[in-house]
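Asks: Let me see the structure of the following:
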Amino acid sequence: MARGWTSSGLLGVDVTVAHTFCSSCILQLAKTPDPRCPSCREVPRFDIGVLRTNTALVDLMESLVEQAKAKKDTVDATTGAGAFPAGAGQGPCSSCEKPAAASIYCADCEQDFCASCSASEHKNPKRRDHVLGPLSAKAALAAIASRCAEHADPLKLFCCAPCKQPICLVCERGLKHAGHKISPIGEVAREARHALGASIEQARLLVGQLDAETKRVAGILDQETERAREAERQIVADEERTIAAARERSRVLKAELDVATRRLRQPAESVYQAIQTSLSQAAGVSVESQRALKQGDLGVVRAVAGVETGLASARDSAAASLANKVSFSGAAATSG
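Replies: From the prediction side, this is the model:
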């Protein structure tokens, strides 16, 4: 029994033993110059163009189809979702590997899935026609997937080129696969298993090489990271030492500048003080003279001697101050 089968196309071919095929294959067989039964290769005893329908087998096939539809209706034909909610699992999911999560079996993938993984895996257009169902119907689903979708016969052959798909004995005799390279599916499976085994070994070796190289490169990265950190620590230490040395040098220079400034300012400050004293004396003489002029004759006469004495003292002080010339020569003030 297979997907796409219809009871209206089921006819009987009576050869040495009775074999039953669909009408389209029988009509193709009738067009060949030497028609033979696709299963046993015997020449039919009757005209294959007037064979009757195998009603017993039709009834059996219809019953099986209805049973399969009842099971398949519980699952969405596209995504595998539907009546198998997450949590109703009976074993680990083949995809996400969650324990006790699988609730759906795919006969084409030959794997158990949880509802979410089944929906994800079967969104691919190439997998939308996969036979899906509950895990409890795993054996029946596997039997469905192992039969030809067109003829309901077991898939015992493999069309290696150009179709690259499993076919049944009836398919082999049809025009669709005429001239194609066909081999027993067991032989193809053995070669495929050998190829897969070799691929697994090569992948294992490659994984080992990549794992070793990953560890080696990771070690280099760790070394480079540590080297960068050490360089950063050295830079920070040098920066701190440079800053500390600069601060100490600044403190010393400021102290030296303070001493030098006081030493260099001392001559000018002495002359400045002397000039201020002479200026004060001269101003005092001027003020005393103006005050005396406002007095009478007796007062003027009495003030003259004191004013002249003060003026002479101011003149002598000013002469000494003016004689001590002070000049600025860039970094130092000099007097002489």
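Asks: Please read off the pLDDT at K176 from the model.
Replies: Turning to K176, the model gives it a pLDDT of 80.
Asks: got it, and F113?
Replies: 90.
Asks: Phi and psi next, for it.
Replies: phi -130, psi 150 (degrees, to the nearest 10).
Asks: ok, it - contacts?
Replies: Taking C-beta atoms under 8 Å, 6 or more residues apart in numbering, we find F113 in contact with G80, C93, S94, S95, A102, S103, I104, Y105, C106, E121. To be clear about C-beta, it is placed using only N, CA and C from the backbone, and glycine gets the same treatment.
Asks: Just grab the bridge partners of it for me.
Replies: Per DSSP bridges, the residues bridged to F113 are I104.
Asks: any weak-confidence spans in this protein?
Replies: Across the chain, the ranges flagged by pLDDT under 70 are 1-19, 21, 23-24, 39-41, 44-90, 144, 326-336.
Asks: Can you spell out which helices and strands pack onto the one helix or strand A212 maps to?
Replies: In this structure, A212 is located in helix 185-293 according to DSSP states H and E. If you count contacts as 3 or more C-beta pairs under 8 Å, 6 or more residues apart in numbering; DSSP states H and E, helix 185-293 packs onto strand 157-161, helix 297-323, strand 326-328, strand 333-335.
Asks: Quick one: neighbours of A119, just the number.
Replies: Residues contacting A119 under the criterion other C-beta atoms under 10 Å number 17.
Asks: where's G91 relative to S103, distance?
Replies: Between G91 and S103 the distance, using C-beta to C-beta, to the nearest Å, works out to 9 Å.
Asks: Ok, C114 next?
Replies: On the measure of C-beta to C-beta, C114 and S103 end up 6 Å apart.
Asks: And those two? Which one has more around it.
Replies: The residue with more neighbours, out of C114 and S103, is C114; 28 against 25, by other C-beta under 10 Å.
Asks: Pretty sure that one sits against A100.
Replies: No - counting by C-beta atoms under 8 Å, C114 does not reach A100; the two are 9.5 Å apart.
Asks: Could I get the phi/psi values of the closest residue to P162 other than its chain neighbours?
Replies: Counting by C-beta to C-beta, 6 or more residues apart in numbering, P162 lies nearest to H180, which is 6.9 Å off, once chain neighbours are set aside. For H180, the backbone dihedrals are phi -80, psi 160 (criterion: degrees, to the nearest 10).
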